[in-house]
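Peer 1: build me a structure from this.
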Amino acid sequence: MTLRKTKIVATLGPSSSSEEMLARLITAGVNVVRLNFSHGLAEDHIKRAQIVRAIAAKLNRPIGVLCDLQGPKIRIGKFELGKITLKTGDLFVLDADSELGNQYQVGLDYKTLPQEVTAGVVLLLDDGRITMQVDRVKGNQIHCVVLSGGILSNNKGINRQGGGLSADALTKKDREDIKTAVALEADYIAISFPKSAQDVELARSLVKAVGGTASIVAKIERAEAIDNLETIIEASDAIMVARGDLGVEVGDAAVPGLQKRMIRMARMQNKLVITATQMMESMITSPIPTRAEVSDVANAVLDGTDAVMLSAETAAGQYPLETVQAVHRVVIEAEKEYFRQQHVRKLDQVFLKTDEAIAAAAIYTTQHLKVKALAALTQSGNAAQWLSRADPEVPIYALSPDKVARRKLTLHRGVYPFPIDQVNKNRDEILQEMQQILLQERVVDNGDLVMLTFGEPFGNSGGTNTMMIVKIGENKQVLLSKPLDNI
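Peer 2: Numbers count the residues shown, from 1 in each chain. Model (predicted):
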């Protein structure tokens with residue numbers, strides 16, 4: 001398979017839970033699986049994670065696991081007949097005290113909504129397919145006029161145009177689901193609807209409190225999150241451009257520009273970014289994507305996203321394997337254009353960390369010397385992350401003895417993790433093993449030049465301070481920098 005830098009996240013569900021299909025999806029190029037905690041029981045998610053890891057071990061491929069918390073669901077209740085049809089101009093009541101709905105009213109799962117809206121507010125139901133304007137609020141009843149109608153069925157979501165609903169990002173269910181995510185050793189936990197950095201920090205503290213090491217992904221899907229974007233990114237390990245609810249709250253026309261801004265800001269802060277929602281939506285029922293979907297995936301790659309995510313396409317669609325294969329093809333072609341358009345890197349940047357300076361120097365060297373690959377000996381994965389953010393055209397092979405670090409690196413653009421044993425070995429022995437791993441994996445050949453970064457003394461986390469050029473198979477090494485002490 002052609003080496004692909006941009007990673008693929010696939011949501012698991014009925015269409016992708018069998019061992020056979022999971023093996024085929026991983027072989028086709030899935031790097032990270034998403035467990036959607038909006039559906040299924042804790043036991044279901046734990047079992048799926050175990051199956052994924054067993055298959056990954058059999059295929060000798062590291063696979064990351066992302067647990068996506070449900071977050072606050074601001075929804076209507078149920079109808080007596082399951083659904084109704086609304087027309088423009090109809091009067092309709094959202095009633096927090098109602099049980100079963102009918103043609104004229106429906107209940108609310110989110111009981112405080114009447115206290116959070118006033119006359120003139122526009123409410124968007126079912127991802128904006130139906131819109132209503134609030135005429136008046138009377139007690140626990142919201143009296144509305146339908147602006148655009150259609151079929152409204154049970155438990156559809158509600159958004160307020162422009163945002164402003166106060167629901168907490170972490171519900172009681174989310175707090176329990178964090179415990180499940182930690183129990184299954186999640187590599188990433190995604191927080192739905194965070195409004196501020198404080199929501200992200202709370203999630204991180206809850207994960208740590210139960211002994212978890214998962215990185216935190218903030219899903220940007222509220223209008224308020226846009227106002228606090230810089231601090232949310234700073235508090236997170238990664239963000240997800242969650243275009244569904246975000247598009248409902250801010251308007252669909254604003255989403256493409258926001259996507260580019262979010263990816264740019266995440267990369268500037270050296271954070272990961274996943275682009276999600278409807279990327280190959282038509283492939284739920286079609287074996288081939290639309291040209292618009294192909295362009296959408298390609299543009300996310302050209303924007304610099306670390307990963308693209310598939311939702312219903314792989315969870316419940318008819319063609320999960322074909323969808324992953326299509327994304328792989330599109331990404332490969334888009335990356336060719338991405339590197340043709342690569343900008344000249346800034347040479348006047350001030351670095352605050354030795355790891356970052358080493359990464360920048362390594363990238364500069366690869367641009368001016370025929371280096372086949374970058375190899376990072378890394379305990380925590382940080383060295384590979386800095387190299388990824390520097391965005392080299394050559395692949396980055398991260399060699400780490402830590403399986404958790406290797407699994408987390410599956411989401412980093414351009415990084416390919418491999419295990420290495422460093423116990424009771426000196427530098428020359430470790431360098432020799434590095435060469436053997438890369439030769440065994442057939443990612444380099446004898447005579448290739450490889451740029452190696454590592455930290456001395458070996459075994460210290462976050463201590464990359466040395467880079468070296470190694471000629472594979474000839475034990476020929478050129479030390480480009482001596483260890484930098486006391487920095």
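
Peer 1: isn't residue 400 up against residue 378?
Peer 2: Yes: between residue 400 and residue 378 there is a contact under CB atoms under 8 Å: 5.0 Å. From N, CA and C alone the C-beta is placed, and that goes for glycine too.

Peer 1: got any residues that touch both of those two?
Peer 2: residue 384 (CB atoms under 8 Å, 6 or more residues apart in numbering).

Peer 1: more neighbours: the two, which one.
Peer 2: residue 378 (31 against 24; other CB atoms under 10 Å).

Peer 1: report pLDDT for the more buried one.
Peer 2: Note on residue 378: pLDDT of 88.

Peer 1: distance of it relative to residue 428?
Peer 2: Distance, residue 378 to residue 428, by CB to CB, to the nearest Å: 19 Å.

Peer 1: just residue 130 next, same as before
Peer 2: Distance from residue 130 to residue 428, by CB to CB: 68 Å.

Peer 1: try residue 128
Peer 2: 62 Å.

Peer 1: of those two, which one has the most company?
Peer 2: It is residue 128, of residue 128 and residue 428, that has more neighbours when counted by other CB under 10 Å, with 19 against 10.

Peer 1: not counting sequence-adjacent ones, nearest residue to that one?
Peer 2: Once flanking residues are discounted, residue 128 sits nearest to residue 248: 4.5 Å by CB to CB, 6 or more residues apart in numbering.

Peer 1: try residue 134
Peer 2: That would be residue 121: by CB to CB, 6+ apart, it lies 4.6 Å from residue 134.

Peer 1: burial count for the one you found?
Peer 2: For residue 121, the neighbour count with other CB under 10 Å is 17.

Peer 1: which residues of the stretch 51-200 of the chain fall in helices?
Peer 2: 172-183, 197-209 (DSSP state H, counting those that start in this stretch).

Peer 1: partner strands of the next helix or strand after the last one, parallel or antiparallel?
Peer 2: Scanning the chain past helix 197-209 towards its C-terminal end, the next helix or strand to appear is strand 215-220 (assignment: DSSP states H and E). For strand 215-220, the paired strands and their directions (DSSP bridges) are strand 188-191 (parallel), strand 238-242 (parallel).

Peer 1: and strand 215-220, how far out from the chain middle?
Peer 2: 8 Å (CA atoms, centre = their mean, to the nearest Å).

Peer 1: and the contacts of that strand?
Peer 2: Under the criterion CB under 8 Å, 6+ apart, residues 66, 68, 71, 187-194, 199-200, 203-204, 207, 225-226, 229, 232-233, 235-242, 246, 262, 272, 274, 408 lie in contact with strand 215-220.

Peer 1: touching the next helix or strand after that strand from outside, list them.
Peer 2: Remark: after strand 215-220, the chain's next helix or strand is helix 223-227, criterion DSSP H and E. Outside helix 223-227, the residues that touch it by CB under 8 Å, 6+ apart are 162-164, 193-196, 218, 220, 232, 246, 249-250, 258.

Peer 1: once you drop chain neighbours, what's closest to residue 228?
Peer 2: Closest to residue 228 by CB to CB, 6+ apart is residue 196, at 5.0 Å.

Peer 1: just checking, residue 473 touches residue 449?
Peer 2: No: checked against CB under 8 Å, the pair residue 473 and residue 449 is beyond contact range at 11.1 Å.

Peer 1: more neighbours, the two?
Peer 2: A direct count of neighbours by other CB under 10 Å for residue 473 and residue 449 places residue 449 higher, at 18 against 14.

Peer 1: contact partners for the nearest residue to the more buried one once chain neighbours are set aside?
Peer 2: Distances taken as CB to CB, 6+ apart place residue 371 nearest to residue 449, at 4.9 Å, with adjacent residues excluded. Listed by CB under 8 Å, 6+ apart, the contact set of residue 371 reads 365, 394, 449, 450, 451, 469.

Peer 1: burial check on the second one, number of neighbours?
Peer 2: When neighbours are counted by other CB under 10 Å, residue 394 registers 19.

Peer 1: what sits against the residue most central in space within the chain?
Peer 2: Residue closest to the average C-alpha location in the chain (CA atoms, centre = their mean): residue 274, at 3.6 Å. Residues near residue 274 by CB under 8 Å, 6+ apart: 9, 217, 238, 239, 240, 241, 305, 306, 307, 308, 309, 411.

Peer 1: how close does the last one sit to residue 64?
Peer 2: According to CB to CB, residue 411 stands 6 Å off from residue 64.

Peer 1: hey, what's in contact with both of those two?
Peer 2: Common neighbours of residue 411 and residue 64 (CB under 8 Å, 6+ apart) are 31, 32, 187, 188.

Peer 1: want to throw those into CSV with pLDDT, distance to residue 177 and neighbour count?
Peer 2: As requested, these are exported to CSV (pLDDT from 0 to 100; distance: CB to CB, whole Å; neighbours: other CB atoms under 10 Å):
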residue, pLDDT, distance to residue 177, neighbour count
31, 98, 23, 23
32, 98, 18, 23
187, 98, 15, 25
188, 98, 14, 26
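
Peer 1: give me the domain ranges for the chain.
Peer 2: 7-71+168-340, 83-160, 354-479 (automatic domain parsing).

Peer 1: could I get the ones you listed as CSV with distance to residue 77?
Peer 2: Shown next, in CSV, are the domains of the chain (distance: least, CB to CB, whole Å):
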stretch, distance to residue 77
domain 7-71+168-340, 17
domain 83-160, 3
domain 354-479, 38
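
Peer 1: out of those domains, which gets the lowest mean score?
Peer 2: Note on the domains of the chain: domain 354-479 shows the lowest mean pLDDT, a mean of 83.

Peer 1: pretty sure the residue nearest to residue 134 sits against residue 135.
Peer 2: No: counting by CB under 8 Å, residue 121 sits too far from residue 135 to count as a contact (10.1 Å).

Peer 1: if we ignore the residues flanking it in sequence, what's nearest residue 141?
Peer 2: In space, residue 141 is closest to residue 95, 4.9 Å off (CB to CB, 6+ apart).

Peer 1: picking up where we left off before, now, the most widely separated pair of the contacts of helix 223-227?
Peer 2: Greatest spatial distance among the contacts of helix 223-227 (CB to CB): 162 and 218, at 20.2 Å.

Peer 1: which one's more surrounded, these two?
Peer 2: Between residue 162 and residue 218, counted using other CB under 10 Å, residue 218 has the larger neighbour count: 29 against 12.

Peer 1: so in terms of bridging, what pairs with that one?
Peer 2: residue 191, residue 239.
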